[in-house]
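1. Model the following, please.
(chains A and B)
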Amino acid sequence: MDFISILSIFVLACFVGYYVVWSVTPALHTPLMAVTNAISSVIIVGALIAAAAADVPGAKWLGLLGIVLASVNIFGGFAVTARMLAMYKKKEKK
Amino acid sequence: MRALTALLRRPGHRSGAALPSSAASEEKHRARIKFGVTFALVAAYFATPASASTGAPVNPWVALAYLAAGVFFILALRGLSSPATSRTGNRFGMIGMLIAVVTTLITHEVANVVEIGVAIAIGGIVGFVIARRIAMTSMPELVAAFHSLVGLAAVLVGWAAYLNPGSFGILGADGIEPVSKVEMGLGIAIGAITFSGSVIAFAKLSGRMSGSPILLPARHVINLGTLAAIVVLTALFAMAGPAETMPLIIGLTVLAFLIGFLLIIPIGGADMPVVVSMLNSYSGWAAAAMGFTLGNTAMIITGALVGSSGAILSYIMCRAMNRSFISVIAGGFGADESAGGGEAKEQRPYKQGSAEDAAFMLEQAEKVIIIPGYGMAVAQAQHALREMADVLEDKGVEVKFAIHPVAGRMPGHMNVLLAEASVDYDKVFELEDINSEFAQADVAFIIGANDVVNPAAKTDKSSPIYGMPVFDVDKAKQVFFIKRSMGGVGYAGVDNDVFYMDQTMMLLSDAKKMVEEIVKALD
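-> Model prediction:
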């Protein structure tokens, strides 16, 4: 993709992020941080590309290490968010 | 796998049919052709040559899949607008991630699936176990630790792209394209800053390192100099010929690690909510920079989302402390003893009470507002506190919780702890929503908070916390203040007039023990 299309996506996504994040209720700011953490690990895509290629061993090992780190974040981030969100409940009045 | 890969790589050719399937059994494949035909019209729209500039063929379905992943991430954040929709949101996030990973795997010729599978399994198990075991009070340091991993992963990916530009499709006629090198350099730099900054934040939050600021002489000069050097190195790196880039990128990486470290050590414990949000933001920008390098929409959208999310949280935190972002970043808050309560004040008289006194007064009250702070988290008093609230409610007392935006060590920290103790979230209120109610409250019950109730923020212009929005606890008929001892003051190092008010009763004890005693006395 050419630079300008990428930049357009980026700028528009910044605006989307701005409005979406302001609508997050302050009570959920900690889960917000945990889930943003998990999704920013989409960087695993880069690590996968590096690890998939066998021709440059150095890059491959860096990629594999990157996959490990990003996976910790993906699984850990989503799991801890799910754990937190499960606690936000309205109690049934007896 | 190979056949499927080849199919997907041919732009615009029936490729949609195979997209969601990684186990490419022929039968499944055929069943999906109908699905694919339906989408053919849509595909025609996306089959425009988006790859014009780099020359590498970009399959429109692949681009679409990454876009879909990005949209799922937006929905994940959108879900957090209310606790009711948040769980669905989290699931959307997982789906988005799955789409991104699967798409990458099926569109690249994977040399060794086992290696990648093992890498994901190791990371996944570690992450999952940590997520299950971590105590809710340790959430801030967990988040800091996770940020450091994103940062380091960004550095690794940046380096991998540098070492093997061919597989990332950024190889021009004369080495790596200069634009890609700028993006790569920025990605590595931001990633490295995120990593070392988060490591320091983690050490400070988990108590492995003192929370007090460490101030180097001439630190502003050193920091600005290092930042300038990083910018210069990035420019040189972009312009350098293929042979001479190696020392530049090494220098860039080392300096970026260093500046992350230098930026966070002068920032004190009380400013950690801002730091954690700021690093959250950086981890997003690092992902976005890598997304630019790879031309990957999922990464760019996510990076922008996370980046703006962290930036907004930092802004909210700064506003809640009435401090500018720059002054937080410059650091040193809480180390400067000369400000505010520096001059030795004479001992002022205060009233001390017992758990029985407090229980008696609480029972008589019609409305109680509880203000938790970091001290509650340290003492792990949230469960005892909820028990107290339950007992009071059974006796017909109205109980509400009031949370200041900077209470605790990260945004929303207190809310999570109260949720953990299964306090109904309808009873938990933000500062601006509840502050007017203190005038009608019989009891303001302060547990482990200090600066957020200090009236000096409203009246004393010389106070370091002047201008910070605080709870109007002085308007309540009776104030209970649970505090370990009279000695320590809040993180801002300011004396608090609330201690000495006529209607204040100090409950000097460990927060958890005190609340448990009150519960006992209530029965």
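2. What residues does the stretch 301-450 of chain B have near chain A?
-> For the stretch 301-450 of chain B, the residues in contact with chain A under the definition C-beta under 8 Å from any C-beta of the partner chain are B:301-310, B:312-313, B:316, B:403, B:405, B:410-413, B:415-416, B:419-420, B:422, B:424-426, B:428, B:430. Glycine gets a C-beta too; all of them are placed from N, C-alpha and C.
3. now, which of those lie within strands?
-> Here DSSP state E is the test, and these give B:403, B:428, B:430 as lying in strands.
4. Is there a quick PyMOL command that grabs whichever of those residues are buried?
-> Restricted to buried positions by 16 or more other C-beta atoms under 10 Å in any protein chain shown, the PyMOL selection for these reads:
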select buried, chain B and resi 403+428
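5. Tabulate the ones in strands among the residues of the stretch 301-450 of chain B next to chain A in JSON lines, adding columns for pLDDT.
-> As requested, these are exported to JSON lines (pLDDT from 0 to 100):
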{"residue": "B:Ile403", "pLDDT": "92"}
{"residue": "B:Val428", "pLDDT": "90"}
{"residue": "B:Glu430", "pLDDT": "90"}
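6. From B:Met299, how far out is B:Lys458?
-> The span separating B:Lys458 from B:Met299 equals 46 Å under the rule C-beta to C-beta, to the nearest Å.
7. likewise B:Ala111?
-> From B:Ala111 over to B:Met299 the distance is 22 Å, taken as C-beta to C-beta.
8. more neighbours, these two?
-> Taking other C-beta atoms under 10 Å in any protein chain shown, B:Ala111 and B:Met299 do not tie; B:Met299 has more neighbours (29 against 13).
9. so what secondary structure elements neighbour the helix or strand hosting that one?
-> Assessed by DSSP states H and E, B:Met299 sits inside helix B:297-320. Of the remaining helices and strands, those touching helix B:297-320 by 3 or more C-beta pairs under 8 Å, 6 or more residues apart in numbering or on different chains; DSSP states H and E are helix A:3-22, helix A:29-40, helix A:44-52, helix B:60-79, helix B:83-107, helix B:272-294, helix B:325-330.
10. In JSON lines: those helices, plus mean pLDDT.
-> JSON lines is the format used below for these (pLDDT from 0 to 100):
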{"stretch": "helix A:3-22", "mean pLDDT": "92"}
{"stretch": "helix A:29-40", "mean pLDDT": "92"}
{"stretch": "helix A:44-52", "mean pLDDT": "90"}
{"stretch": "helix B:60-79", "mean pLDDT": "91"}
{"stretch": "helix B:83-107", "mean pLDDT": "92"}
{"stretch": "helix B:272-294", "mean pLDDT": "90"}
{"stretch": "helix B:325-330", "mean pLDDT": "77"}
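11. Packed most tightly, which of those would that be?
-> Among the helices and strands packed on helix B:297-320, the stretch with the highest mean neighbour count (mean count of other C-beta atoms under 10 Å in any protein chain shown) is helix A:29-40, at a mean of 32.
12. that's a strand at B:Phe480, yeah?
-> Yes. Residue state for B:Phe480 (DSSP: H, G, I helix; E, B strand; the rest coil) corresponds to a strand.
13. B:Ala441 is in contact with that one, correct?
-> No. No contact is recorded between B:Phe480 and B:Ala441 when judged using C-beta atoms under 8 Å, the distance being 11.6 Å.
14. Please list all residues in contact with the residue in chain B that chain A sits nearest to.
-> Nearest to chain A in chain B, going by C-beta to the nearest C-beta, is B:Gly123, at a distance of 2.6 Å. When contacts are counted by C-beta atoms under 8 Å, 6 or more residues apart in numbering or on different chains, B:Gly123 is found next to A:67-75.
15. Not including adjacent chain positions, what is the nearest residue to the residue in chain A that chain B sits nearest to?
-> Scanning chain A for proximity to chain B using C-beta to the nearest C-beta identifies A:Ser71 as nearest, at 2.6 Å. In space, not counting the residues next to it along the chain, A:Ser71 is nearest to B:Gly123; the distance is 2.6 Å by C-beta to C-beta, 6 or more residues apart in numbering or on different chains.
16. So B:Ala457 sits against B:Val473, correct?
-> No. Applying C-beta under 8 Å as the test, B:Ala457 and B:Val473 come out as separate, 11.8 Å apart.
17. Now A:Arg83: closest residue in space that isn't a chain neighbour?
-> With C-beta to C-beta, 6+ apart as the measure, B:Ala131 is the residue that lies nearest to A:Arg83, at 6.5 Å, once sequence neighbours are left out.
18. let me redo that: B:Ala384
-> Leaving out its chain neighbours, the residue that sits closest to B:Ala384 by C-beta to C-beta, 6+ apart is B:Val515, at 4.1 Å.
19. Equivalent analysis for A:Ala51, please.
-> Taking C-beta to C-beta, 6+ apart as the measure, A:Ala51 lies nearest to A:Gly63, with 3.3 Å between them; neighbours along the chain are not counted.
20. Please, which helix or strand holds that neighbour?
-> Counting by DSSP H and E, A:Gly63 is found in helix A:57-87.
21. Counting by contacts, list what that helix packs against.
-> The elements that helix A:57-87 packs onto, with contact taken as 3+ C-beta pairs under 8 Å, 6+ apart, are helix A:29-40, helix A:44-52, helix B:83-107, helix B:113-133, helix B:139-163, helix B:413-420.
22. what's the angle from it to helix B:413-420?
-> What separates the directions of helix A:57-87 and helix B:413-420 is an angle of 60 degrees, with axes from the mean of the first three to the mean of the last three C-alpha atoms, to 10 degrees.
23. buried sites along helix A:57-87?
-> Counting neighbours by 16+ other C-beta under 10 Å, helix A:57-87 gives A:59-85, A:87 as buried.
24. Show me where chain B dips below the pLDDT cut-off.
-> Under the criterion pLDDT under 70, the flagged ranges of chain B are B:1-58, B:173, B:331-347, B:487-494.
25. Which helix runs longest in it?
-> Selection of the longest helix in chain B by residue count, based on DSSP state H, yields helix B:178-205.
26. Pull out the buried residues from the next helix or strand after that one.
-> Using DSSP H and E, the helix or strand that follows helix B:178-205 in sequence is helix B:219-239. Of the residues in helix B:219-239, those buried by neighbour count under the rule 16+ other C-beta under 10 Å are B:219, B:223, B:226-227, B:229-230, B:233-234, B:236-238.
27. Then stretch B:250-263?
-> Applying a neighbour-count criterion of 16+ other C-beta under 10 Å, one finds B:251-253, B:255-263 buried in stretch B:250-263.
28. From what I see, B:Ser422 and A:Met87 are in contact.
-> Yes. Judged on C-beta under 8 Å, B:Ser422 makes contact with A:Met87 at a distance of 6.9 Å.
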